[in-house]
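>>> would you be able to build a 3D model of this:
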Amino acid sequence: MTDEEATRHRSFIGDCNWLAQTTDPMLAPYVSIIGKYNSNPVKACEAARTYMLKYLQGQVGKCLAPNVDSAEGLRYTNDTDHAGLFGIDGETRSRNGTLIFYKGMPVGWRSSWKRNGAR
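Numbering: from 1, shown residues only. Predicted coordinates:
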């Protein structure tokens, strides 16, 4: 990538990170994975950005808003990818994601790395 393309990539990831933190927690894993390449973006990052843009286009008009008619209180969900990036870049850690919902709206989320195996 040229310096200009790399700068455009970093700016895009920054914008998506803001969206992930303020409006759409589903973006967080994508931002994290692609953000690994911010210091030295590779050509494959372009396809990943295109995928993210298509996802965002499908989210137009959706926002973080509670379903006021919902009787659902707090709901917690958790998922792990079990070294899901190993086939791509050899990463052996697993990514753990947690979402907390209230009335169907995400109110808290977190993504973190988990080391696999015994130490």
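>>> so which residues of the chain form helices?
Ranges of helices within the chain are 3-22, 28-35, 44-57, 86-89, based on DSSP state H.
>>> distance from the chain centre to the first one, please.
Right, the one you point to is helix 3-22. On the basis of CA atoms, centre = their mean, to the nearest Å, helix 3-22 is displaced by 13 Å from the centre of the chain it belongs to.
>>> can you check the last one too?
Between the centre of helix 86-89 and the centre of its chain there are 17 Å (CA atoms, centre = their mean).
>>> residues in contact with that helix: which ones?
Outside of helix 86-89, the residues that reach it under the criterion CB atoms under 8 Å, 6 or more residues apart in numbering are 36, 92. Every residue, glycine included, has its C-beta placed from N, CA and C.
>>> would you mind giving the helices of the chain as CSV with distance to Pro106 added?
Shown next, in CSV, are these (distance: least, CB to CB, whole Å):
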stretch, distance to Pro106
helix 3-22, 11
helix 28-35, 11
helix 44-57, 16
helix 86-89, 27
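>>> so which of these is the most packed in?
helix 28-35 (a mean of 18; mean count of other CB atoms under 10 Å).
>>> run through this structure and note the low-pLDDT ranges.
With pLDDT under 70 as the threshold, the chain has low-confidence stretches at 61-66, 116-119.
>>> closest one to Asn78 among the helices of the chain?
Across the helices of the chain, the minimum distance to Asn78, taken as CB to CB, is reached by helix 28-35, at 13.4 Å.
>>> what does stretch 44-58 contact?
Identification of contacts with stretch 44-58 by CB under 8 Å, 6+ apart yields 1, 9, 12, 16, 19, 24, 26-27, 30, 33-34, 37.
>>> chain center to that stretch: distance?
Counting by CA atoms, centre = their mean, stretch 44-58 comes out at 12 Å from the chain centroid.
>>> residues contacting Lys103?
Under the criterion of CB under 8 Å, 6+ apart, the neighbours of Lys103 are 66-68, 70, 72-73.
>>> which pair in those spans the largest distance?
Applying CB to CB across these, the maximum distance is between Val68 and Gly73, 13.4 Å.
>>> quick revisit: save the contacts of Lys103 as a markdown table, and put in distance to Lys114 and neighbour count too.
Formatted as a markdown table, the entries for these read as follows, by distance: CB to CB, whole Å; neighbours: other CB atoms under 10 Å:
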| residue | distance to Lys114 | neighbour count |
| --- | --- | --- |
| Pro66 | 30 | 13 |
| Asn67 | 32 | 12 |
| Val68 | 36 | 8 |
| Ser70 | 31 | 12 |
| Glu72 | 28 | 12 |
| Gly73 | 28 | 8 |
